[in-house]
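J.: Quick one, what's the 3D model for this:
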Amino acid sequence: MTVQELFNSIRLSIEKENYTQLKEIKIFKPEKFNWVKDIFELYNVAQLGTQKGLIWKYNEERDNYTFQDLADKYNQFLNYLRNKGIVQGDKMFSQVPLLPITWIGYLASIKGGLIIIPAATTLEARDLTFRFESSFPEVALADQANASKIDEAEAKFDKKIKVKLITEGEREGWTNINELWKESTQAEAADTNPDDDLFYFFTSGTTGMPKVVVHSHYTYPLGGFTTSSWVGMKKGDLHYNISQPGWAKFFLE
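T.: Sure, this is the predicted structure:
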């Protein structure tokens, strides 16, 4: 059985609510794994490319993205980073509210083998400084409201974030994300291992200072099936995700 067949068998068992069969599926770990290349692009983009992959709405504003739209955008995002010297294993710190660039940036990072450090928008500069002491990022993604916090935290260190992307307007030292859409819509996936680090989540710190929790390229996509089972998600369903992008619950949804 290939890893694609494994993921598809899990997906079909959930869609058919065949939980007995789901329990009998044997999980294995492939030698190489990149979820965007091996699963998302082969299934969502290749087979469902013209169907809606993301609906974003805020008051009267609304943007619709097909799976192919998302693929074009995250490839452009990844190509821009690579052209700026960002390589596999580098880290992206993201402090963005629920905007389409959140999903685009994460998909680009997974495909490119970058490590994602999500941050809730409620975090202040002192919280970011603590996180940078543990894992100083090479890339930052933020909106105007949070870019100043990143600048303030960065100033505490004797090194600089290589690429800083802002979602709207202009800010010194930052590049507006509209510059990304000049890049090619084709990009090669990184040669990632299933145990390579993918997410660095920081705990809420309820019993002390926040601690880093690491998730790999393989564990998180598999874990997402648990959520699918719990909420009963099926192909074509519309899922409304209201979680802050800085928390692990957002990614499982």
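J.: only C-alpha atoms for contact and neighbour calcs from this point on.
T.: Fine.
J.: Stretch 186-198 spans what distance, first to last residue?
T.: 22 Å (Cα to Cα, to the nearest Å).
J.: Flag every buried residue along it.
T.: The neighbour-count check on stretch 186-198 (16 or more other Cα atoms under 10 Å) flags Ala187, Ala189, Ala190, Thr192, Asn193, Pro194, Asp195, Asp196, Asp197, Leu198 as buried.
J.: now these in CSV, with pLDDT?
T.: Formatted as CSV, the buried residues of stretch 186-198 follow (pLDDT from 0 to 100):
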residue, pLDDT
Ala187, 98
Ala189, 98
Ala190, 98
Thr192, 98
Asn193, 97
Pro194, 96
Asp195, 96
Asp196, 97
Asp197, 97
Leu198, 96
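J.: Looking at these, which is nearest Val3?
T.: Pro194 (11.2 Å; Cα to Cα).
J.: need the contact list for that closest one.
T.: In this structure, Pro194 makes contact with Lys29, Pro30, Glu31, Lys32, Phe33, Asn34, Ser216, His217, Tyr218, Thr219, judged by Cα atoms under 8 Å, 6 or more residues apart in numbering.
J.: Likewise for Thr175?
T.: Val163, Lys164, Leu165, Ile166.
J.: what about 7 Å?
T.: Contacts here follow Cα atoms under 7 Å, 6 or more residues apart in numbering; on that basis Thr175 touches Lys164, Leu165, Ile166.
J.: can you pick the most crowded of those?
T.: Lys164 (25 neighbours; other Cα atoms under 10 Å).
J.: now the strands for this structure?
T.: Using DSSP state E, the strands of the chain run over residues 52-58, 61-66, 91-95, 115-118, 139-142, 163-166, 175-176, 197-202, 212-216.
J.: Give me the neighbour count for Thr207.
T.: Thr207 has 7 neighbouring residues, counting by other Cα under 10 Å.
J.: cool, and the one 10 residues further on?
T.: Look at His217: counted by other Cα under 10 Å, it has 24 neighbours.
J.: just the helices in the stretch 101-250 of the chain please.
T.: Under the criterion DSSP state H, counting those that start in this stretch, helices of the stretch 101-250 of the chain are mapped to 125-134, 144-154, 219-231, 248-252.
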